[in-house]
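K.L.:
Okay, structure incoming, though there's no sequence with it:
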């Protein structure tokens, strides 16, 4: 297993320039002919926050302290996972012409989609800090640890993305089903409501939701000034690298059959 990891690192180093070019291509395509361009990556979460705040805090009277920051910290890191894994669905089927022409390690396309989503996340994070500043939110001394839950989420997304990319080659309905799953997943994660609103049984169920742990970690270091303990970190590490390992195994076992189904 360790030898395989070093082999992946060596291949990654060999194709890093292709990876960078693919990310740059996706970035240019996303904002092509857009007047505001990259500013949309900042404006979109801000506009979403205004709508959600108006609906849930003023109409449904959701009593959460610093609700805009609470919502932004939750949805931003959740969207990192959703965007990365959703983009991975067509990572293989959308690049089949290149795969047929030259040899490129197929997992490079999954990694590229996740890196592209990470770049978008960085811009969305700017929106989080803008909201904090405007609302006079006092920055936490633990904010410098924000990258830890981001790393866990990113690693988890790569693993899940590998599985989804492989599944979508054989079952093209995967993308349609996954859209419903991610929507349900969001409502099952305390993003727009506090976990205390759930029953005790549902709160126990939350422990089996990977994104619950990543979202809570992100809020702890950004909002509450808490540094999660060793147990929380070991759990997040086990989830993220466990899914990554499963994804690598599934992808490696199926990648030689991709050419027969695309």
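P.N.:
Here it is on my side, so go on. None of these values were measured; they are calculated from a predicted model. Numbering: from 1, shown residues only.

K.L.:
Point out where the chain drops to low pLDDT.
P.N.:
1-9, 11-12, 32-38, 40-41, 56-62, 262 (pLDDT under 70).

K.L.:
Can you show me the strands along it?
P.N.:
Counting by DSSP state E, the chain has no strands at all.

K.L.:
residue furthest from the geometric center of it?
P.N.:
residue 101 (30.5 Å; C-alpha atoms, centre = their mean).

K.L.:
Residue 76 and residue 124 touch, don't they?
P.N.:
Yes: contact criterion C-beta atoms under 8 Å: residue 76 and residue 124 qualify, at 5.0 Å. For every residue, glycine as well, the C-beta is placed using N, CA and C.

K.L.:
tell me, what's touching these two both at once?
P.N.:
Shared contacts of residue 76 and residue 124, defined by C-beta atoms under 8 Å, 6 or more residues apart in numbering, comprise residue 45.

K.L.:
Look at residue 141 and say how many residues are nearby.
P.N.:
For residue 141, the neighbour count with other C-beta atoms under 10 Å is 10.

K.L.:
That one and residue 226 touch, don't they?
P.N.:
No: with contact defined as C-beta under 8 Å, residue 141 does not reach residue 226; the gap is 10.5 Å.

K.L.:
need the helices for the chain, in chain order.
P.N.:
Listed in chain order, the helices of the chain (DSSP state H) span 2-14, 16-30, 40-53, 67-88, 96-101, 107-134, 147-170, 174-187, 200-206, 210-219, 230-254.

K.L.:
what's the fourth one packed up against?
P.N.:
Yep, that's helix 67-88 we're talking about. helix 40-53, helix 107-134, helix 147-170, helix 174-187, helix 210-219 (3 or more C-beta pairs under 8 Å, 6 or more residues apart in numbering; DSSP states H and E).

K.L.:
which parts of the fourth one are buried?
P.N.:
When you say that, I think you mean helix 174-187. For helix 174-187, burial by neighbour count (16 or more other C-beta atoms under 10 Å) applies to 174, 178, 182, 185-186.

K.L.:
possible to save these as TSV with distance to residue 153?
P.N.:
What follows is the buried residues of helix 174-187, written out as TSV (distance: C-beta to C-beta, whole Å):
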residue	distance to residue 153
174	21
178	17
182	14
185	13
186	14
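
K.L.:
do you know how far the residue lying closest to residue 52 once chain neighbours are set aside is from residue 92?
P.N.:
Of all residues not flanking residue 52 in the chain, residue 71 sits nearest, at 5.5 Å (C-beta to C-beta, 6 or more residues apart in numbering). Residue 71 sits 34 Å away from residue 92, taking C-beta to C-beta, to the nearest Å as the criterion.

K.L.:
Great, nothing more from me.
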